[in-house]
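Colleague: show me the folded form of this:
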Amino acid sequence: MKKITVSLLIFSFVVAAGMAAQKPAPAAAQKNIRDIMDSGLAAKQAKLDLPFEVFRSQYLPAQHGYQQVLYLRIKNADLGFAAAAGSDVIDPSQPPAAPKMKAAANLFLRIHRSENGLPGKLVREFASPASFETDQAGYDPEKTEWYTISFGIKPGDYVAAVAVTSADRAKVGVQYYDFKLPDAKSYEGKLETIPSFFIKDFKQGQTVEKNPTLDKGFFAFGDTHFVPSMDNVFAIGETLNLFSFVYGLAASETGAVNMEIAMEVFQGDKPVIKFSPASWDSSILSLPLNLKQTLQIKQGEDVRNEVRDLPAGAYVLVMKIKDKGSDRSVEKRIDFSLQ
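Modeller: Here you go, the predicted model:
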């Protein structure tokens, strides 16, 4: 996998309240969904006519705060996938397209400040339609897929009210999710990173998402679509691509940063791979890691080195970051396994 290069300049956002949508729902329908979301807010009581779960989150750097990502699980049957109608236009020079299943839904998102653990002021609000397509071959209505919602927001404590509805809004599911984003002041005088994660794949999207929407199998970060590892389980010989961001680096007058990154892989307490320390000049870390170990093989008096893939098992990646501008350092550990 190639190194990921991104620019923070594209991750700006507008922290303006008000319902935004690509194709706004009728005002009465929007109000009805708002009322349903607000009715369970105080007790954070879910409504599951359309069942789903918000099961994890992560945050990334943005120009004026963070890009927050919420992860949802939804079963195919609950989204109402149905066989797609055939196209009226057939090109005889092209092979027939594989039959598709399609589904449509609506996302409603209301973000409240959390005050003493209780939902408070509404600070952001969005609504957007979503549509999905998959091949009929291998389609399983009982399979649960993961989806994401990405949006920019300032540091603070929040409660997200998330509603997913059927296309006609007859079925409504609502869940509530608490999340906390650290203030930049907490990074003063020390190094810190976002929760680091592994990227399975990524590609450039055609446009930057202006409004949060429901994305299937990736999350949007600027104009890039990232597919993160959901379980940190990889195949033997697979390249791991670590993604992180470092706060608290001392910058020169020109804004340049300079740090050294040393990484080592352990199995239990035993070191199995030690990477050569590398200099890095960006706060954004995108590090492809080839998990090869050099073993010394002895046969009688003959000694030779042999490079092999790291075998199956559970491991820990230990990353030590040292800022050469301030002499500060931080250590992070990430569990993963090979099979």
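Colleague: quick one: residue 284 and residue 245 touch, right?
Modeller: Yes: using Cβ atoms under 8 Å, residue 284 is in contact with residue 245, at 5.5 Å. For every residue, glycine as well, the C-beta is placed using N, CA and C.
Colleague: common neighbours of the two, please.
Modeller: By the contact definition Cβ atoms under 8 Å, 6 or more residues apart in numbering, residue 284 and residue 245 are jointly contacted by residue 61.
Colleague: and these two? which has more neighbours close in?
Modeller: Each of residue 284 and residue 245 has its neighbours counted (other Cβ atoms under 10 Å); residue 245 has more, 19 against 16.
Colleague: list the contacts of the more buried one.
Modeller: 60-61, 193-194, 283-285.
Colleague: contact partners for the nearest residue to residue 256 once chain neighbours are set aside?
Modeller: Leaving out its chain neighbours, the residue that sits closest to residue 256 by Cβ to Cβ, 6 or more residues apart in numbering is residue 281, at 6.3 Å. Neighbour list for residue 281: 256-258 [criterion: Cβ under 8 Å, 6+ apart].
Colleague: could you do residue 32 as well?
Modeller: With contacts defined as Cβ under 8 Å, 6+ apart, residue 32 is in contact with residue 169.
Colleague: next, the buried residues of whichever strand in the chain runs longest.
Modeller: Across the chain, the longest stretch assigned as strand under DSSP state E is strand 118-135. For strand 118-135, the neighbour count (16 or more other Cβ atoms under 10 Å) marks 119, 122-130, 132, 134 as buried.
Colleague: that one pairs with which strands, and in what direction?
Modeller: For strand 118-135, the paired strands and their directions (DSSP bridges) read strand 100-115 (antiparallel).
Colleague: quick one: average confidence on the partner strand?
Modeller: Here strand 100-115 scores 96 as its mean pLDDT.
Colleague: beta partners of the closest residue in space to residue 47 that isn't next to it in sequence?
Modeller: Leaving aside its chain neighbours, residue 47 sits nearest to residue 174 (4.2 Å; criterion: Cβ to Cβ, 6+ apart). Beta-bridge partners recorded for residue 174 (DSSP bridges): residue 47, residue 163.
Colleague: residues near residue 174, how many?
Modeller: The local packing of residue 174 (other Cβ under 10 Å) involves 26 other residues.
Colleague: the inter-axis angle of the helix ranked longest in the chain versus strand 118-135?
Modeller: Counting by DSSP state H, the longest helix found in the chain is helix 27-39. Going by axes from the mean of the first three to the mean of the last three Cα atoms, to 10 degrees, helix 27-39 is angled at 120 degrees with respect to strand 118-135.
Colleague: now helix 27-39: buried residues?
Modeller: For helix 27-39, burial by neighbour count (16+ other Cβ under 10 Å) applies to 30, 33-34, 36-37.
Colleague: please compute how far that helix lies from its chain's middle.
Modeller: 28 Å (Cα atoms, centre = their mean, to the nearest Å).
Colleague: returning to that earlier point: dump the buried residues of strand 118-135 to JSON lines, plus distance to residue 146 and pLDDT.
Modeller: Formatted as JSON lines, these follow (distance: Cβ to Cβ, whole Å; pLDDT from 0 to 100):
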{"residue": "119", "distance to residue 146": "25", "pLDDT": "95"}
{"residue": "122", "distance to residue 146": "27", "pLDDT": "97"}
{"residue": "123", "distance to residue 146": "26", "pLDDT": "96"}
{"residue": "124", "distance to residue 146": "23", "pLDDT": "94"}
{"residue": "125", "distance to residue 146": "24", "pLDDT": "95"}
{"residue": "126", "distance to residue 146": "20", "pLDDT": "93"}
{"residue": "127", "distance to residue 146": "21", "pLDDT": "94"}
{"residue": "128", "distance to residue 146": "18", "pLDDT": "94"}
{"residue": "129", "distance to residue 146": "19", "pLDDT": "95"}
{"residue": "130", "distance to residue 146": "14", "pLDDT": "95"}
{"residue": "132", "distance to residue 146": "12", "pLDDT": "96"}
{"residue": "134", "distance to residue 146": "14", "pLDDT": "93"}
